[in-house]
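[1] give me coordinates for this.
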Amino acid sequence: MTTATASRSVPALARRASAVTGTGTLLRFMLRRDRIRFPAWTLGLTLLMTYFATALDTIVQSPADLAGMTAFTGSPAGALFGGRGFGFDELTLERFLAGQYGLYVAVGAALMGLLTVVRHTRAEERSGRAELVRANVVGRYAQLTAALALAATMALLVALLIGGLLISRGYDPGGSLLFGASVGAVALAFAGVAAVTAQLSEYPRAASGMAGAALGAAFVLRGLGDMAAVQGSGPSWLSWLSPIGWSQQTAPYVHDRWWPLAVSLAFTAAATAIGFALSARRDFGAGLVPPRPGSPRAAAWLASPFALAFRLHRASLIGWSASLLVAGLAYGSFTQPMLDGFENAPEDLVAIIGGADNLLAGFLGMLGLTMALTVGVYAVLAVQSLRAEEAEGRAESVLATAVSRRAWLGSHVAVAALGVPWLLLVAGLGMGIGAAVSTGDAGLLGDLVLGHLAHTPAVWLVLAAAALLYAAAPRALPVVWVVLGYGLIAGYFAPILEIPEGALRLSPFEHVGEYPLEEVSVVAVVVLAVLAGGLVQAAVTVFRRRDLAGGA
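    I've put the predicted structure just below:
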């Protein structure tokens, strides 16, 4: 009986082994393809942490300086945008660094994990390269296994680099390694999320979008939960529904708790298992959610390049609209609790927000900037989708007809440009409704809508810069993320990091004004819009001169 059982188990073991055959070879191939992306992600996140640590060392010269900086970060608004800040009652430099800035490094790590997995799974199937690879001796699960192994390698390296960086600055070794591990855990969690979303749709853009929506939901849940925890009332348990929140609960340099990372690892293992199970239930190149059958005849309104561009961006616009509406409602509904939390706040903190007489306006202006930066992410992703259209040959098919390059690129940029004010309007409406219900002041709806829409030309400038990079050097397109990253740092941390006024003006989001705290600068609106138009014109001119698919 034992012999029979063993003989039956051999084929099962062989099948499991054959399912991952070729994983090592694929991993080496992925490392070769990501020879630029790999160091860009890992070193980029480490350099971001280096910047934060260096800036704090420069600014904080005495305990009084550090105590003054905690006024905002220890408030409900600070918890919303940074985290609840463990140990801020007995603050040290490393506690402030991990509790306030660690969130943004963790979000970057999450993007690294999810984009890496989608790039090497769903995008490979869509391009046709995976089919050629699978024609060789490669197991069914090898592609996904190698992609997850690559994401895990990147996460481990980021954890070690950040931990080593902090140790080299004289911080506590245990807390430093824990902080690095917490950042890597977020990358692993969202790599697992991407392993699932890559099985649902046959389009890499949709897979990335769904994983990105999960990241956005995690950020919102964490923000609402941390804000409730700081003000001492409300659903603080929401933080425990977020993979970002699990990493923050480790509380480096305070409690040094490693066990919340077990939750992250368990979530990663479960998501990965689901991803493998779903991959076995679908055909190669297909998604579990099949595309909706189209009409056998094309509608008349699709006869123009602009209409085709709108059709291609429609699903993305719908998803972003729904997400921003929900996020706006959630953030807006916490307006009154935030104001209540500032009743006994220090004067320095109140001054940072806008002063005792402008506390509400300052908070709402900050929320408007947050949504503008978020819509900026949409704008960059919209331009990145053009590179996919070109690399996969669909742009060539369109341009083979009576469609000029100017019309093709201009149509896509125009659709994205029209999507920017629409998304800002949706976010403003959601936040205005939430704030109006929370405070009982219906007039906030109009203020928030105007405050959000005022950021339109700043986002247009980011969109135009991305279009120019795509037209001139597609491989350099990721550089545009630096603009959004700098806008975030300048918008949130300028008072703390003491960024010079001249350096602040380099961010397009610093010119219009954070309405209703500040009046909208009509001059800035016009100048930014004109600059955006000029960059788009330059992009169209450059695109007409380069070879199609150059650098793709």
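[2] domains for the chain, by residue range?
    22-287, 315-552 (automatic domain parsing).
[3] which among those domains is found nearest to residue 309?
    Nearest to residue 309, of all the domains of the chain, is domain 315-552, at 4.1 Å by Cβ to Cβ. Every residue, glycine included, has its C-beta placed from N, CA and C.
[4] same question for that closest one, mean pLDDT?
    For domain 315-552, mean pLDDT is 82.
[5] what about that domain, distance to the chain center?
    How far domain 315-552 lies from its chain's middle: 13 Å, per Cα atoms, centre = their mean, to the nearest Å.
[6] now do stretch 215-222
    Distance, centroid of stretch 215-222 to centroid of chain: 10 Å (Cα atoms, centre = their mean).
[7] check stretch 84-99 too.
    So, by Cα atoms, centre = their mean, the centroid of stretch 84-99 is 24 Å from its chain's centroid.
[8] could you pull out the buried residues of that stretch?
    84-88, 91-99 (16 or more other Cβ atoms under 10 Å).
[9] that older thread, the domains of the chain into TSV, with extra columns for distance to residue 305?
    Below are these laid out as TSV (distance: least, Cβ to Cβ, whole Å):
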stretch	distance to residue 305
domain 22-287	19
domain 315-552	4
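[10] which stretch among the ones you listed comes nearest residue 304?
    So among the domains of the chain, domain 315-552 is nearest, using Cβ to Cβ, at 7.7 Å.
[11] hmm, back to that, how about the domains of the chain, which one is nearest residue 297?
    domain 315-552 (17.6 Å).
[12] you'd agree residue 258 is up against residue 252?
    No. Contact criterion Cβ atoms under 8 Å: residue 258 and residue 252 do not qualify, at 10.1 Å.
[13] what sits in contact with each of those two?
    Counting by Cβ atoms under 8 Å, 6 or more residues apart in numbering, the shared contacts of residue 258 and residue 252 are residue 178.
[14] who has more neighbours out of those two?
    Under the neighbour definition other Cβ atoms under 10 Å, residue 258 and residue 252 were set side by side, and residue 252 has more, 30 against 13.
[15] what sits against the more buried one?
    94-95, 98, 102, 175-176, 178-179, 182.
[16] let's see 10 Å
    86-87, 94-95, 97-99, 102, 163, 166, 171-172, 174-182 (Cβ atoms under 10 Å, 6 or more residues apart in numbering).
[17] kindly report the same for residue 463.
    So residue 463 contacts 375-376, 378-380, 382-383, 413, 416-417, 419-420, 480, 532, 535-536 (Cβ under 10 Å, 6+ apart).
[18] now with 8 Å, please.
    Taking Cβ under 8 Å, 6+ apart, one finds 376, 379-380, 382-383, 413, 416-417, 420, 532 in contact with residue 463.
[19] may I ask which helix or strand encompasses it?
    helix 456-472 (DSSP states H and E).
[20] helix or strand right after that helix?
    With DSSP H and E, the next secondary element past helix 456-472 is helix 481-497.
[21] and the angle from that following helix to helix 456-472?
    140 degrees (axes from the mean of the first three to the mean of the last three Cα atoms, to 10 degrees).
[22] next SSE downstream of helix 481-497?
    helix 501-504.
[23] could I get the buried residue list for that next one?
    Neighbour-count burial for helix 501-504 [16+ other Cβ under 10 Å]: residue 504.
[24] roughly how far out does the helix or strand that residue 321 is a member of sit from the chain middle?
    Taking DSSP H and E as the definition, residue 321 sits inside helix 305-332. Offset of helix 305-332 from its chain centre (Cα atoms, centre = their mean): 16 Å.
[25] grab the most central residue of this structure for me.
    residue 111 (5.6 Å; Cα atoms, centre = their mean).
[26] wait, that one sits on residue 215?
    Yes. Between residue 111 and residue 215 there is a contact at 7.2 Å, judged by Cβ under 8 Å.
[27] overlap in contacts, these two.
    residue 190.
[28] which one of the domains of the chain lies closest to residue 296?
    Residue 296 sits nearest to domain 315-552 of all those, at 19.3 Å, using Cβ to Cβ.
[29] and the gap between the residue nearest to the centre of the chain and residue 205?
    Taking Cβ to Cβ, to the nearest Å as the measure, residue 111 falls 15 Å from residue 205.
[30] try residue 31
    Counting by Cβ to Cβ, the gap from residue 31 to residue 205 is 24 Å.
[31] next one: residue 398
    The separation that residue 398 has from residue 205, given Cβ to Cβ, amounts to 17 Å.
[32] give me the buried positions along the helix or strand hosting residue 184.
    Following DSSP H and E, one finds residue 184 within helix 173-200. Neighbour-count burial for helix 173-200, counted by 16+ other Cβ under 10 Å, picks out 175-200.
[33] now do stretch 220-239
    For stretch 220-239, using 16+ other Cβ under 10 Å, the buried residues are 220-231, 234, 236, 238-239.
[34] lowest pLDDT pick from these?
    For the buried residues of stretch 220-239, the pLDDT minimum is residue 234, 71.
[35] tell me the SS of that one?
    coil (DSSP: H, G, I helix; E, B strand; the rest coil).
[36] in contact with it, which residues?
    With Cβ under 8 Å, 6+ apart, residue 234 has these contacts: 224, 227-228, 334, 337.
[37] phi and psi next, for it.
    phi 110, psi -180 (degrees, to the nearest 10).
[38] from residue 505, how far off is it?
    38 Å.
[39] before we move on, what about residue 324?
    Using Cβ to Cβ, one obtains 27 Å as the distance from residue 324 to residue 505.
[40] and if you look at residue 152?
    When residue 152 is compared with residue 505 (using Cβ to Cβ), they lie 41 Å apart.
[41] what about those two, which has more around it?
    residue 152 (18 against 11).
[42] the inter-axis angle of the helix or strand that contains the more buried one versus helix 173-200?
    Assessed by DSSP H and E, residue 152 sits inside helix 142-168. Here the directions of helix 142-168 and helix 173-200 differ by 160 degrees (the same axes, to 10 degrees).
[43] helix 142-168: which residues count as buried?
    For helix 142-168, burial by neighbour count (16+ other Cβ under 10 Å) applies to 142-163, 165-167.
[44] tell me what it is packed against?
    Using 3 or more Cβ pairs under 8 Å, 6 or more residues apart in numbering; DSSP states H and E, the elements in contact with helix 142-168 are helix 23-33, helix 37-59, helix 102-120, helix 129-134, helix 173-200, helix 260-279.
[45] and the ones you listed, which one averages the lowest pLDDT?
    Among the helices and strands packed on helix 142-168, helix 129-134 scores lowest, at a mean of 77.
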